[in-house]
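Visitor: Could you look at this predicted model? Sequence included:
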Amino acid sequence: MSKHVRIFQPAKTAMQSGRAKIKGWVMVFEPSSASRPDPIIGWNGSADTSRQVRLTFDSKDDAIAHARKNGFTYTVSEPKQRRIKPKAYADNFAYSRLQPWTH
C-alpha cells in the first residue's frame, strides 16, 4: 500500500506583510488513520507518525520527483493567483464617490 501525499505552495501567514518566504513548495502526508481521544488525558492522538512530517522543496517539480522516487501517490494543489486591485488615496476624495468620505 502506497502512502498519499499532498503537494502545495503555502499561503503567507497573518504575521507576514510581504511575500518573501512563500516561494517554496511543501509536501505533507495525508492521515492514514483517524485521530481519537486518549482515554486518560483526553487529547487527540494517533499511531500515525507520518502526519508530523512536513518536507519543503524549492520547486514543484522537485517535490513531484521525490514523491515518484519513493512510490507515493500525490495530489498537487496549485496556488490561487493574487488579484491586485489598484487603489489610490485620492479616490477617497473624488467627486464621483458614491458615499461621502467620513472618519
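Guide: Arrived safely, thanks for sending. Numbers count the residues shown, from 1 in each chain.

Visitor: can you map out the strands along the chain?
Guide: Counting by DSSP state E, one finds strands in the chain at the ranges 4-8, 25-29, 36-37, 44-45, 54-57, 73-77.

Visitor: Against which helices or strands is the third one packed?
Guide: To tie it back to what came earlier, the one meant is strand 36-37. Under the contact definition 3 or more C-beta pairs under 8 Å, 6 or more residues apart in numbering; DSSP states H and E, strand 36-37 sits against strand 44-45. Yep, even glycine has a C-beta here, placed from its N, CA and C like the rest.

Visitor: CSV for the strands of the chain, including distance to Met15, mean pLDDT and mean neighbour count?
Guide: Below are the strands of the chain laid out as CSV (distance: least, C-beta to C-beta, whole Å; pLDDT from 0 to 100; neighbours: other C-beta atoms under 10 Å):
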stretch, distance to Met15, mean pLDDT, mean neighbour count
strand 4-8, 20, 95, 18
strand 25-29, 18, 95, 19
strand 36-37, 31, 88, 10
strand 44-45, 26, 86, 10
strand 54-57, 18, 94, 14
strand 73-77, 22, 95, 13
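
Visitor: mind putting those strands in TSV, distance to Pro100 included?
Guide: Below are these laid out as TSV (distance: least, C-beta to C-beta, whole Å):
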stretch	distance to Pro100
strand 4-8	44
strand 25-29	47
strand 36-37	55
strand 44-45	52
strand 54-57	49
strand 73-77	44
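
Visitor: Just checking: what are the partner strands of the helix or strand bottoming out on mean pLDDT in the chain?
Guide: Ranked by mean pLDDT, DSSP states H and E, the weakest helix or strand in the chain is strand 44-45, scoring a mean of 86. Sheet pairing for strand 44-45, assigned by DSSP bridges, gives strand 36-37 (antiparallel).

Visitor: what does the partner strand contact?
Guide: Trp43, Asn44, Gly45, Ser46 (C-beta atoms under 8 Å, 6 or more residues apart in numbering).
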